[in-house]
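what follows is a predicted structure for the sequence shown.
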Amino acid sequence: MGTIGLSGGRAGETAVRITIRVAAKDNTKAWGLLVRHSPGTALPENLFVVSEEALGALRKAGIQLTEISREPGNPWDQGVTTVERI
């Protein structure tokens, strides 16, 4: 379990959290792609919570997956405080 990736979404863009299950045979390939592509969360049993961009990249790479659910919101911004300079 853990957080994957480092890049964030575009400013003002409404993010969607997509929960997917990656085929066991493609798990290693998916990890490699996700680490480079998108912030997200890795869960047990080949489950990942990813962005729409990451989902598209996985599909383009031919990784077999099943979409489990979609939820609006950006889980990677939770608990982040924005500070403005006065």
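That came through fine.

alpha carbons only for contacts and neighbour counts from here, please
OK.

and for residue 29, the neighbour number?
Residue 29 is flanked by 15 other residues according to other CA atoms under 10 Å.

distance of it relative to residue 17?
Applying CA to CA, to the nearest Å, the value for residue 29 to residue 17 is 21 Å.

ditto for residue 28
As it turns out, when the distance is counted by CA to CA, residue 28 lies 21 Å from residue 17.

looking at those two, which one has more neighbours?
Looking at residue 28 and residue 17 with other CA under 10 Å, you find the greater number of neighbours at residue 17, namely 20 against 13.

so the more buried one is in contact with residue 53, correct?
No: with the criterion set as CA atoms under 8 Å, residue 17 and residue 53 do not qualify as a contacting pair; they are 10.6 Å apart.

show me where pLDDT drops low in the protein?
Where the chain drops to pLDDT under 70, the residues are 1-14, 37, 73-86.

let's go with 80 and repeat that
1-15, 37-39, 73-86 (pLDDT under 80).

do a quick rundown of the strands in it.
Ranges of strands in the chain, per DSSP state E, are 2-4, 16-22, 40-43, 47-50, 65-72.

out of those strands, deepest packed?
Most buried of the strands of the chain, by mean neighbour count (mean count of other CA atoms under 10 Å): strand 47-50, with a mean of 24.

partner strands of that strand and their direction?
Strand partners for strand 47-50, identified by DSSP bridges, are recorded as strand 16-22 (antiparallel), strand 40-43 (antiparallel).

list the contacts of residue 19.
Residues counted as contacts of residue 19 (CA atoms under 8 Å, 6 or more residues apart in numbering) are 47-50, 67-70.

so what does the longest helix along the chain touch, helix or strand wise?
Of all the segments of type helix in the chain, defined by DSSP state H, the longest one is helix 27-37. Here helix 27-37 is seen to pack against helix 52-60 when contacts are counted using 3 or more CA pairs under 8 Å, 6 or more residues apart in numbering; DSSP states H and E.

give me that answer again for 10 Å
For helix 27-37, the elements it packs on are strand 2-4, strand 16-22, strand 40-43, strand 47-50, helix 52-60, judged by 3 or more CA pairs under 10 Å, 6 or more residues apart in numbering; DSSP states H and E.
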